[in-house]
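Colleague: Turn this into a structure:
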Amino acid sequence: MGNFLNREALLKRQVLEIKKVEFENGDFVFVKEMSAGDRDMYEKTLTKAIRNGKGVLTGYETIMENFRSKLACATLCDEEGQLMLKPEDVPALSQAMGIVRMDKIIEVANALNKITKEDEEEIIKNSSADQPGSLNSDYVKN
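Modeller: Model (predicted):
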């Protein structure tokens, strides 16, 4: 049986899991488990507050744009677990990396961070994909 975790134990920084992701050509990266706070911040990047004309919060909108690259930026790290990319790198990463390589990173990031297929489908379902100027929801479905 394990030990009771007191306040001190709960507030001690947990060692987070890091996994090596290897690509066909031998290149590799490291992907890490997020802390609870990091996960909250990542999820916050996927939503936008909607306010009425008086500035009163009326709801939230899901932002699909670059959602894979946002997760990659939140989890790609060095061997020690230090993040390698910054939030401002998301658009560049999204354009620079091919989908095969990105999907391999996202698969590991999802597993480490308990992001399920249902979570991804919920993001897509709640997205603004039906709004003018964006891909329609039939195209976005996986």
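Colleague: Residue 102 sits in which helix or strand?
Modeller: Using DSSP states H and E, residue 102 sits in helix 99-112.
Colleague: what does residue 60 give?
Modeller: strand 57-62.
Colleague: Check the offset of that strand from the chain's centre.
Modeller: Between the centre of strand 57-62 and the centre of its chain there are 19 Å (C-alpha atoms, centre = their mean, to the nearest Å).
Colleague: Can I get that strand in PDB, CA atoms only?
Modeller: Extracted C-alpha coordinates of strand 57-62, given in PDB (Å, rounded to 0.1, in the frame of the first residue of the first chain):
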ATOM      1  CA  LEU A  57     -19.400  37.100 -21.200                       C
ATOM      2  CA  THR A  58     -22.100  35.200 -23.100                       C
ATOM      3  CA  GLY A  59     -20.100  32.000 -23.900                       C
ATOM      4  CA  TYR A  60     -17.000  30.400 -25.500                       C
ATOM      5  CA  GLU A  61     -16.100  29.500 -29.000                       C
ATOM      6  CA  THR A  62     -13.700  26.600 -29.800                       C
END
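Colleague: That strand packs against which elements?
Modeller: Counting contacts by 3 or more C-beta pairs under 8 Å, 6 or more residues apart in numbering; DSSP states H and E, strand 57-62 packs against strand 47-51. (Glycine included, C-beta is placed from N, CA and C.)
Colleague: so the strand it packs on versus strand 57-62, what angle?
Modeller: Strand 47-51 and strand 57-62 are oriented at 150 degrees to each other (axes from the mean of the first three to the mean of the last three C-alpha atoms, to 10 degrees).
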